[in-house]
Structures are given as C-alpha cells and as structure tokens.
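Asker: pasting the structure only:
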C-alpha cells in the first residue's frame, strides 16, 4: 500500500480482511467468539465461510485459488491443476493440441507462479516449444486470475449478506 494514499479512517477492503486468514495470535488479546450467535463467531471463520459460500458447484476452483493466494500455500494445488488442465486440454487451439500431454505441467508451473510470484520456466519439458510454453502458461495464469477475482467478488457479497457489522 502506498503511504501517500493511506487514509486512517477508511474502512478495510475485503481483500485486507482476508489477510486475517493467514493467522492470528491470542498472545495479547483473547481470540473472539464465545457463543453461537453469528456476530460472535471469530472473524477468520466468517471470512472462510464467505469463501465457501462463493463456490458455484463442485468444479469451481476459484475459492481454492483465493484461499491459497491469501495464505501463500499450495494446499489445493492438485484439485486446481487437474480442473484447469482438463479445461485447457479440451481447447481446440493449436498450442493446446500440441501440448495436451504436458498440460498438467504447464498449469502447475502457472499455479506456482500465481501463488509464489516466481516464474517456473525450468519446469518446461524439452518437447514443448518455448512459444507454446509462454502462450499456455500466460493463458493459465489469466484463467486463474479471472477465477480468483470472480470468487472474491462472490465471497465479498456473501460476507456482507451475512450482516457483518463489526470490523473483521
């Protein structure tokens, strides 16, 4: 965040609230949540529930991508890579047809890049041309970004539809 644009009274965005899922400590303050009323559930639980409510069917991996991006881990990598690789392999463009056998490797490299922020070009099989690798990894990264953005918007709507009033 740029220090020039910081406004101390501005409410936190949903993305900032999701960072709470990275973990909290009860070292100085006890963790909230002492009853079953919705307003007294821990904020991290409400945020995770909102991500769960953002899922649109069993094949929707957008919330999984968001969760892994927030916590910085690849907990759901297998599911995400299988789903996106299957969708990309069924595409009829030339690069996808040529690289169909290597699609999981391509999507895994893109997933690692999206989650970790580092390009994974060393994973490129020698049978895959550099041009195809660049095209398909870029496409997979964009697909993951779109799925994550859509899931984030649905989760935000679900979060505020719960009647969240306190600062999470």
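Answerer: Thanks, I have the structure now. All values reported here derive from a predicted model rather than from experimental measurement.

Asker: do you know how far the residue nearest the centre of the chain is from residue 74?
Answerer: Residue closest to the average C-alpha location in the chain (CA atoms, centre = their mean): residue 66, at 1.8 Å. Distance from residue 66 to residue 74, counting by CB to CB, to the nearest Å: 13 Å. In this view, the C-beta of every residue, glycine as well, is placed from N, C-alpha and C.

Asker: Check the offset of the helix or strand encompassing the residue nearest to the centre of the chain from the chain's centre.
Answerer: Using DSSP states H and E, residue 66 maps to helix 62-71. Its chain's C-alpha centre and that of helix 62-71 lie 3 Å apart, by CA atoms, centre = their mean, to the nearest Å.

Asker: What is it packed up against?
Answerer: Helices and strands touching helix 62-71, by 3 or more CB pairs under 8 Å, 6 or more residues apart in numbering; DSSP states H and E, are helix 43-53, helix 77-89, helix 103-116, helix 130-161.

Asker: If you count neighbours, what's buried in the third one?
Answerer: Neighbour-count burial for helix 103-116 flags 103-115 (criterion: 16 or more other CB atoms under 10 Å).

Asker: swap in the shortest one?
Answerer: For helix 43-53, the neighbour count (16+ other CB under 10 Å) marks 43-44, 46-51, 53 as buried.

Asker: Okay, now the unreliable bits of this structure?
Answerer: 1-12, 16, 19-42, 162-168 (pLDDT under 70).

Asker: one step back: in a markdown table: the helices and strands packed on helix 62-71, plus distance to residue 59.
Answerer: Formatted as a markdown table, the entries for these read as follows, by distance: least, CB to CB, whole Å:
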| stretch | distance to residue 59 |
| --- | --- |
| helix 43-53 | 15 |
| helix 77-89 | 6 |
| helix 103-116 | 15 |
| helix 130-161 | 11 |
